[in-house]
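> My questions concern the predicted model and sequence given below.
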Amino acid sequence: MKKVIIISPYFPPINAADMQRVRMSLPYFKDFGWEAEVVVVEESYADIAKDELLLQSIPNYIKIHQVKSLSKKWTSKLGLGSIALRSIWFYKNQVNKILKKEKFDLIYFSTTQFPVLILGAYWKKKFNIPYVIDMQDPWHSDYYKNKQKNEKPPKYWFSYRLNKYLEPIAMKRVGGLISVSNDYLDTLVKRYPRLNELPKEVITFAAFKTDFDLAKQQKTPYQFKKDKINLVYIGRAGHDMKKAITLIFEGFKLGLKNDYSLFNKVHFYFIGTSYAPNGQGKSSVIPISNVLQIEPYVTEQTDRIPFYEGINLMLEANALLVVGSDDSQYSASKIYSYILAKKPFLAVFHPKSSAIQIIKDCSEGLVINLQTIDKKSVEITYQALKTLISNYKIKVEINWDNFEVYSAKNMTKKQCNLFNSVLDECS
């Protein structure tokens, strides 16, 4: 059996989006001829919400190596908060020891903590072990370059220049690429023509039914408004989602004007909208509702909640909202949970988003293409909301045959097939 060592700084019980690919794949690697070990940062160094129940989804035979990190308590005084930058030296030393002691066929980076990816080139040179990078998000991107200052991520000036410098180092010796978006791959190939000859595969995020069984063990009733039709969104609500949220609220406002008795029954919940540590997040949804003068109908909680608590809130909601980015390359990892919840939902995505096809293949969810916000798009949104809240009690059916294509097992198979292709290229 071949062996892969996986680099994933965030790992259960840390509830971070970029470790979900690894977590959902670990039960299936052996089925396709690969034995996996994972190298993670000790949880005490992360300031992200935790969910201890996540550990129950990890097979007990998986070997997990932990590395230390510089304490954010001290590095934040220098403006350095990234767990990748704080742990990269420890990763280098710890993995060096592992690779000297054990034989591995491949190194697999599956994380959005991008600076650690440069270690792939170092380990390739030192140990002659090929490495694969999983591009869950774009690394060096111009998306925010021309945005207003208040729309840019914190420390954007520094991170933009750092990414521009580090990305070529990681791509110089990479043996293969996985991505959730073909656009990400196209961008990288244009920058680094050598990548055109390498094994590459678009593998979307996966559906993991096991999570819904585990969620039942952690039921925490949320205080929804009992006399309302509660529409719930759980997840990040960054500036790139402002357009989608605005369109939903504009459609809702039109609904109040045209069908007040129906739309007045609605209350929106946006939960876990910020990646900032609990208590430090800034509202991004409430300001939009204030401008449109619908604030009594909207509740926003910036603090993130445990992963399985989020699933249970979906199951308790009357209906769901899926808010997408205005970036055409955006791929929503959460879309499968919304489908598995078997609740009526309304999704707003850029027309090029891969999530639209997933929804069409598997569910009865309503989809709105996010383009311009004009009279026509607001009318379409109003009609979609009207359909959603008028029929929220109707049972939702899932096309399970199509859904299986997106299962964690099938997505793991695709990863392993690419691993094998990389080894064939190196032989």
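It's in.
> immediately after the lengthiest strand in the chain, which helix or strand?
Identified as the longest strand of the chain according to DSSP state E is strand 34-41. Moving toward the C-terminus from strand 34-41, the next helix or strand (DSSP states H and E) is strand 63-67.
> Please compute how far whichever helix or strand comes after that following strand lies from its chain's middle.
With elements assigned by DSSP H and E, the helix or strand that comes after strand 63-67 is helix 72-75. Mean-position distance between helix 72-75 and its chain equals 26 Å (C-alpha atoms, centre = their mean, to the nearest Å).
> which intervals of the stretch 51-200 of the chain have sub-threshold pLDDT?
In the predicted model of the stretch 51-200 of the chain, residues 75-81, 142-158, 160 satisfy pLDDT under 70.
> ok, now with 90
70-85, 137-166, 181, 183 (pLDDT under 90).
> Strands of that one, start to end?
Remark: strands assigned in the stretch 51-200 of the chain by DSSP state E, counting those that start in this stretch are 63-67, 106-110, 131-135, 176-179, 200-202.
> Let me have the ones you listed in JSON lines, extended by distance to Lys226 and mean neighbour count.
From N, CA and C alone the C-beta is placed, and that goes for glycine too. Conversion of the strands of the stretch 51-200 of the chain to JSON lines gives the following (distance: least, C-beta to C-beta, whole Å; neighbours: other C-beta atoms under 10 Å):
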{"stretch": "strand 63-67", "distance to Lys226": "43", "mean neighbour count": "15"}
{"stretch": "strand 106-110", "distance to Lys226": "42", "mean neighbour count": "24"}
{"stretch": "strand 131-135", "distance to Lys226": "43", "mean neighbour count": "24"}
{"stretch": "strand 176-179", "distance to Lys226": "44", "mean neighbour count": "24"}
{"stretch": "strand 200-202", "distance to Lys226": "44", "mean neighbour count": "18"}
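> do you know which of these lies nearest Leu315?
strand 106-110 (28.2 Å; C-beta to C-beta).
> partner strands of the closest one, parallel or antiparallel?
strand 2-7 (parallel), strand 131-135 (parallel) (DSSP bridges).
> pLDDT of the longest one, averaged?
It refers to strand 2-7. Mean per-residue pLDDT for strand 2-7: 98.
> What of stretch 418-427?
For stretch 418-427, the per-residue pLDDT averages 92.
> Could you do stretch 27-35 as well?
Averaging pLDDT along stretch 27-35 yields 98.
> Just give me how far that stretch sits from the chain centre.
23 Å.
> hmm, back to that, export the strands paired with strand 106-110 to CSV and tack on distance to Ala276?
Formatted as CSV, the strands paired with strand 106-110 follow (distance: least, C-beta to C-beta, whole Å):
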stretch, distance to Ala276
strand 2-7, 25
strand 131-135, 25
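> Figure out which of the ones you listed is closest to Gly281.
strand 131-135 (26.6 Å).
> ok, and what's touching that closest one?
By C-beta atoms under 8 Å, 6 or more residues apart in numbering, the list of residues contacting strand 131-135 from outside reads 21, 106-111, 117, 120-121, 123-124, 170-171, 173-181, 184-185, 188, 418-419, 422.
> rewinding a little: so which of the strands of the stretch 51-200 of the chain gets nearest Ile88?
Among these, strand 63-67 comes nearest to Ile88, with 9.5 Å by C-beta to C-beta.
> and the closest one with strand 2-7, angle?
For strand 63-67 against strand 2-7, the angle by axes from the mean of the first three to the mean of the last three C-alpha atoms, to 10 degrees is 30 degrees.
> Against which helices or strands is strand 63-67 packed?
Counting by 3 or more C-beta pairs under 8 Å, 6 or more residues apart in numbering; DSSP states H and E, the packing neighbours recorded for strand 63-67 are strand 34-41, helix 83-101.
> Give me the distance from the longest one to the chain's centre.
Helix 83-101 has its C-alpha centroid displaced from the chain centroid by 25 Å (C-alpha atoms, centre = their mean).
> For that helix, which helices and strands make contact with it?
Applying 3+ C-beta pairs under 8 Å, 6+ apart, one finds that helix 83-101 contacts strand 2-7, strand 34-41, strand 63-67, helix 72-75, helix 119-127.
> Nearest to Ile271, out of these?
helix 72-75 (24.9 Å).
> who's in contact with that closest one?
Tyr45, Asp47, Gly81, Ile83, Leu85, Arg86.
> looking at the strands paired with strand 106-110, which is closest to Phe32?
Comparing the strands paired with strand 106-110 against Phe32 with C-beta to C-beta, the closest turns out to be strand 2-7 (9.6 Å).
> Quick check: buried residues in that closest one?
Lys2, Val4, Ile5, Ile6, Ile7 (16 or more other C-beta atoms under 10 Å).
> Name the residues that touch it?
Here strand 2-7 has contacts from 22, 29, 33-39, 91, 95, 98-99, 102-111, 116, 119, 419, 423, using C-beta under 8 Å, 6+ apart.
> just the buried members of the residues you listed?
22, 29, 34-39, 91, 95, 99, 104-111, 116, 119, 419, 423.
> and Tyr91, what is it in contact with?
Contacts of Tyr91 by C-beta under 8 Å, 6+ apart are Ile7, Pro9, Val39, Val67, Val116, Leu119.
> Tell me which stretches of the stretch 201-350 of the chain form helices.
Under the criterion DSSP state H, counting those that start in this stretch, helices of the stretch 201-350 of the chain are mapped to 210-215, 242-258, 260-263, 286-291, 307-316, 335-340.
> Could you export those as TSV, including mean neighbour count, mean pLDDT and distance to Ala347?
Shown next, in TSV, are those (neighbours: other C-beta atoms under 10 Å; pLDDT from 0 to 100; distance: least, C-beta to C-beta, whole Å):
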stretch	mean neighbour count	mean pLDDT	distance to Ala347
helix 210-215	17	92	19
helix 242-258	20	97	9
helix 260-263	14	97	19
helix 286-291	16	97	18
helix 307-316	21	92	13
helix 335-340	24	92	8
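> Among those helices, which comes closest to Asn163?
helix 242-258 (23.1 Å).
> now for the closest one, which elements pack on it?
Checked by 3+ C-beta pairs under 8 Å, 6+ apart, helix 242-258 has helix 260-263, strand 266-271, helix 286-291, strand 319-323, strand 345-349, helix 375-390 packed alongside it.
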